[in-house]
Each structure stands twice: as structure tokens, then as C-alpha cells.
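S.K.: Build me a model from this:
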Amino acid sequence: MKRALLTFLLSGLACWAIAQDTPQTHLSRIKLQAGMYQIDTQVAQTPEQRSMGLMFRKEMPQHEGMLFVFEQPAKQCFWMKNTFLPLTAAFVADDGTIVNLVDMKPQTTDSHCSEKPVRFVLEMNQGWFAKKGIKAGSRLSGVAFSKNTTP
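M.R.: Next comes the predicted model:
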């Protein structure tokens, strides 16, 4: 009986450990636009979804990203622990205006922050914004940035 209980507990811990190393790919998606470019974004809205973010991803298509949505504007800071992809974070105001962009190195705990309070952060593969000529002051559009709506 004790052995069966111990086996059950250990197998549960193993499943939990495996789940912790698995990227989240089941989030809802919305389309955003950056000028003439369309972005297919997964939306991380809950604290759990936001804390997991793009961790453990080995690859991400160039036209995809993750939009982090917070309840209210605040100084947002991100880091790259357990994130294998080099990313650029766009800190975005409520109206879709990019406040600032920050390149982030994989597997680091360096803090990368918005220059002013924002509710949205869009993470894309590093270099995507630069290749498209999108910079601070550029504006994103989509349902996330429409007044009185939630993605």
C-alpha cells in the first residue's frame, strides 16, 4: 500500500515537472496589424498565462507573436528565464502606439521595462519590428486597441 502510494505521488510529480517544461500553445488568438503587416497573436490575459508567456518554445513563425494584456496601465517589466527564443518586446499604450521596443536575450533574468505605464506588451521574434521599419511611435491596430473591448 505504501509503495503504491509512493509510486502514485512520484508519477504525479513527474507529470507536473513535464507540464512545467511544456510551452503553452492553446491560448486564444487575435489578429493585429502593424501598418501593412498582419500579426497572428496568442493572447496571454491571466496571471498564469502571462507568467508562462513564451517559455520553452523552440520556434515561432515570423508572423506570430504573443500579446500580454494587463488589467490596467502600469510599468511592465519582462525577463527571459526559460525562454529559448530571442525576442523583441513592444510596450504598447491603450491606443496601440508603441511606447518603446526592447531586444531580449534568451535564458536571462535581465529586466526589460516599459518607459511609461502600458497595458499591452507584444513579443515577436527578435528583429521582426526592425525588418518591418516599425519603431517607437508606430501604431498597432486591432480589436485589442479598440475602446471598451477586451481581446
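S.K.: Okay, now the sheet partners of the longest strand belonging to the chain, with direction.
M.R.: Assignment by DSSP state E gives strand 64-74 as the longest strand of the chain. Strand 64-74 has these partner strands in its sheet, going by DSSP bridges: strand 37-44 (parallel), strand 118-125 (antiparallel).
S.K.: Can you lay out those strands as CSV showing mean neighbour count?
M.R.: Just so you know, the C-beta spots here come from the backbone N, C-alpha and C atoms, and that holds for glycine as well. Listed next are those as CSV, based on neighbours: other C-beta atoms under 10 Å:
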stretch, mean neighbour count
strand 37-44, 18
strand 118-125, 23
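S.K.: Quick one: find the helix or strand in this protein with the lowest mean pLDDT.
M.R.: helix 2-20 (a mean of 41; mean pLDDT, DSSP states H and E).
S.K.: okay, the angle between the following helix or strand past that one and strand 64-74?
M.R.: Downstream of helix 2-20, the first helix or strand assigned by DSSP states H and E is strand 29-34. In terms of direction (axes from the mean of the first three to the mean of the last three C-alpha atoms, to 10 degrees), strand 29-34 departs from strand 64-74 by 80 degrees.
S.K.: contacting residues for residue 101?
M.R.: Contact analysis of residue 101 by C-beta atoms under 8 Å, 6 or more residues apart in numbering lists 88, 89, 90, 91, 129, 135, 136.
S.K.: so it is in which element?
M.R.: strand 98-104.
S.K.: What helices and strands are in contact with the helix or strand following that strand?
M.R.: Counting by DSSP H and E, the element after strand 98-104 in chain order, helix or strand, is strand 112-113. Other helices and strands packing on strand 112-113, by 3 or more C-beta pairs under 8 Å, 6 or more residues apart in numbering; DSSP states H and E, are strand 77-78, strand 98-104.
S.K.: Could you save those strands as CSV and add columns showing distance to residue 118?
M.R.: Putting those into CSV (distance: least, C-beta to C-beta, whole Å) gives the following:
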stretch, distance to residue 118
strand 77-78, 11
strand 98-104, 6
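S.K.: Can you redo the ones you listed as JSON lines, where the extra columns are distance to residue 31 and mean pLDDT?
M.R.: As requested, the helices and strands packed on strand 112-113 are exported to JSON lines (distance: least, C-beta to C-beta, whole Å; pLDDT from 0 to 100):
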{"stretch": "strand 77-78", "distance to residue 31": "23", "mean pLDDT": "97"}
{"stretch": "strand 98-104", "distance to residue 31": "17", "mean pLDDT": "98"}
